[in-house]
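Participant: Dropping the sequence and predicted coords here.
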Amino acid sequence: AGLIVIVAGAVAELGGGEQGWHLALGAIVVAGIIQVLFGVFRLGKLTDIFPLSAVHGMLAAIGIIIISKQVHVLLDIDPALTKGKTPFELLAMIPHSLATLDSKATLVGVISLLIMLYWKNMPIKVLKKVPAPLVVLLFSVPAELLMNFQTTEPTYALVHIGSLIDSMGVNVSFGGFAQTGVFIKYVVMFALVGSLESLLTVKAIDMLDPYRRKSDTNKDLIAVGIGNIVAGILGGLPMISEVARSSANVANGARTRWANFFHGLSMVIFVLLAAPLIELIPNAALAAMLISVGIRLAHPKEFVHTLKIGKEQLLIFVVTILVTLYEDLLVGIAAGMLCEILVNLLNGKPLSAIFKAPTEVSFTEDRYEVTINKAAVFTNFMGIKRKLESIPAGFPVIINLEETALVDHSVMENLEHFKHDYEATGGTVQLV
């Protein structure tokens, strides 16, 4: 979902239309090369340097951006009226769009949205197994045919993808280098957000794996980077490791990467053979699917959950959201990180511990003891993690935080992840 916003912004800022697409592909290819280098230089631990509340704030902001853009598509408003507007301006436009909506498209969009939001609450278990997006298609395509969208609705209410074979080729252009600032901004955003979302997904799915296997995050980054280079050259959008399909794989008994291979193969066959069928889907139905993603990312429950962790975490979460909406994803995540550093300083973290926490590992009486002094916070966790990873498997481990003045939420959650992973190898971990 994060890349939807970045792709749309890149195409618009690099010239719009077909030209913007070709130039955005150049940014995608360069970002793919950077992702490969991330993996080669073993930067797969990238997730550990981002405070969790800032990451969740970034995802919630993405959800709000998606909702602000797609609600107008659901109401079938002319895209020319929303072009170039900020998320705040798009949200302010909603009353006007509601007053000028297209009734037929809106009916399809609203019913599709209700299906996306409430299908999982169906009382009949057999029906719940049918994915909500598939139900939306089973409703929206016949509805479009019944209401004759192809002749009665404006062209922007319809999907146009053309033939994959006709548009396949070297579509990338590196002319975006001429717009140095904009080009670099989107290269960094593609590389950073794409890598971060992928690594967070890997982290989450490793927790779900019934076989307790650990993914090689560096190999993942190299693979995703190579995929993005090839996709960008040919004209495709960037990809990430994706949590919904990955968790669906686990839930349905997938054991190896062949599950991903057959998923990709199925998609290729479908796009090659079923393009006319895809074009029968009303844009309002697709907008409803995206809005449901946005609602999931920015749900009020996320705010309540963050507040339960701590008021300072809610502050970091909200600052990240507001700055992201006002500026962009990169500035937003940077603001969240800065806010977390300031909060930690106010809570008593010594300046000397910003990037380094004195950490000692000792072995006595058949057990390891890890003592962390000063502060354990997101900015110095990489050093702590290296010490933890050096402990051999299968021993009793005590992590002693009695001399630690401050432990932030991100580090505490990472210590819980270490405990989960280490105990899966036969050892025990006790936090003191």
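Facilitator: Nice, I can see it. Residues are numbered from 1 along each chain as shown.

Participant: Show me the shaky parts of the stretch 251-400 of the chain.
Facilitator: For the stretch 251-400 of the chain, no stretch has pLDDT under 70.

Participant: And the helices in the stretch 101-250 of the chain?
Facilitator: Here the stretch 101-250 of the chain has its helices, by DSSP state H, counting those that start in this stretch, at 103-118, 125-128, 132-146, 149-152, 164-167, 180-208, 217-234, 243-251.

Participant: who wins for proximity to residue 49 among the ones you listed?
Facilitator: Residue 49 lies closest to helix 180-208 among these, at 10.0 Å (C-beta to C-beta). Glycine gets a C-beta too; all of them are placed from N, C-alpha and C.

Participant: Check which helices and strands that closest one sits against.
Facilitator: Helix 180-208 is packed against helix 2-13, helix 17-40, helix 52-74, helix 217-234, helix 243-251, helix 329-346, helix 409-423, with contacts defined by 3 or more C-beta pairs under 8 Å, 6 or more residues apart in numbering; DSSP states H and E.

Participant: how many degrees apart are that helix and helix 2-13 in direction?
Facilitator: Orientation check (axes from the mean of the first three to the mean of the last three C-alpha atoms, to 10 degrees): helix 180-208 against helix 2-13 gives 170 degrees.

Participant: Name the nearest residue to residue 104, sequence neighbours excluded.
Facilitator: Excluding the flanking residues, the one nearest residue 104 by C-beta to C-beta, 6 or more residues apart in numbering is residue 147, at 5.2 Å.

Participant: List the contacts of the spatially most central residue of the chain.
Facilitator: Nearest to the mean C-alpha position of the chain, by C-alpha atoms, centre = their mean, lies residue 197 at 4.2 Å. The contact partners of residue 197, by C-beta atoms under 8 Å, 6 or more residues apart in numbering, come to 2, 3, 240, 241.

Participant: And the strands in the stretch 301-432 of the chain?
Facilitator: 359-364, 367-372, 374-376, 396-400, 404-407, 428-431 (DSSP state E, counting those that start in this stretch).

Participant: thought residue 168 was touching residue 234?
Facilitator: Yes. Assessed by C-beta atoms under 8 Å, residue 168 is found in contact with residue 234 at 6.1 Å.

Participant: Looking only at neighbour counts, state which of those two leads.
Facilitator: Taking neighbours as other C-beta atoms under 10 Å, residue 168 and residue 234 compare with residue 234 leading, 15 against 11.

Participant: quick one: the residue nearest to residue 104 and residue 274, what's the gap?
Facilitator: Distance, residue 147 to residue 274, by C-beta to C-beta, to the nearest Å: 22 Å.

Participant: One more: residue 59?
Facilitator: Counting by C-beta to C-beta, the gap from residue 59 to residue 274 is 31 Å.

Participant: Of those two, give the one with the bigger neighbour count.
Facilitator: Neighbour totals were compared for residue 59 and residue 274, and residue 59 leads with 23 against 11 (other C-beta under 10 Å).

Participant: How many neighbouring residues does the residue nearest to that one when sequence neighbours are not counted have?
Facilitator: Closest residue to residue 59 apart from its sequence neighbours, by C-beta to C-beta, 6+ apart: residue 297 at 5.0 Å. By the measure other C-beta under 10 Å, the count of residues near residue 297 is 21.

Participant: picking that back up, closest one to residue 119 among the helices and strands packed on helix 180-208?
Facilitator: Proximity to residue 119, assessed across the helices and strands packed on helix 180-208 by C-beta to C-beta, is greatest for helix 243-251 (14.4 Å).

Participant: Name the surrounding residues that touch that closest one.
Facilitator: 200, 201, 204, 205, 208, 209, 210, 259, 260, 263.

Participant: Pretty sure the second one sits against residue 239.
Facilitator: Meaning residue 201. No. Proximity of residue 201 to residue 239 does not meet the contact threshold set by C-beta under 8 Å, at 11.5 Å.

Participant: What's opposite residue 406 in the beta bridge?
Facilitator: Under DSSP bridges, the beta-bridge partners of residue 406 are residue 375.

Participant: Tell me how far it lies from residue 413.
Facilitator: In this structure, residue 406 and residue 413 are 15 Å apart, going by C-beta to C-beta.

Participant: of these two, who's got more company?
Facilitator: Between residue 406 and residue 413, counted using other C-beta under 10 Å, the more crowded position is residue 406 (18 against 13).

Participant: quick one: pLDDT of the more buried one?
Facilitator: Note on residue 406: pLDDT of 91.

Participant: For it, give me its contacts.
Facilitator: 344, 347, 348, 349, 375, 376, 377.

Participant: Tell me, how many residues neighbour the residue lying closest to the first one once chain neighbours are set aside?
Facilitator: Closest residue in space to residue 344, ignoring its immediate chain neighbours: residue 377 at 5.1 Å, by C-beta to C-beta, 6+ apart. By the measure other C-beta under 10 Å, the count of residues near residue 377 is 27.
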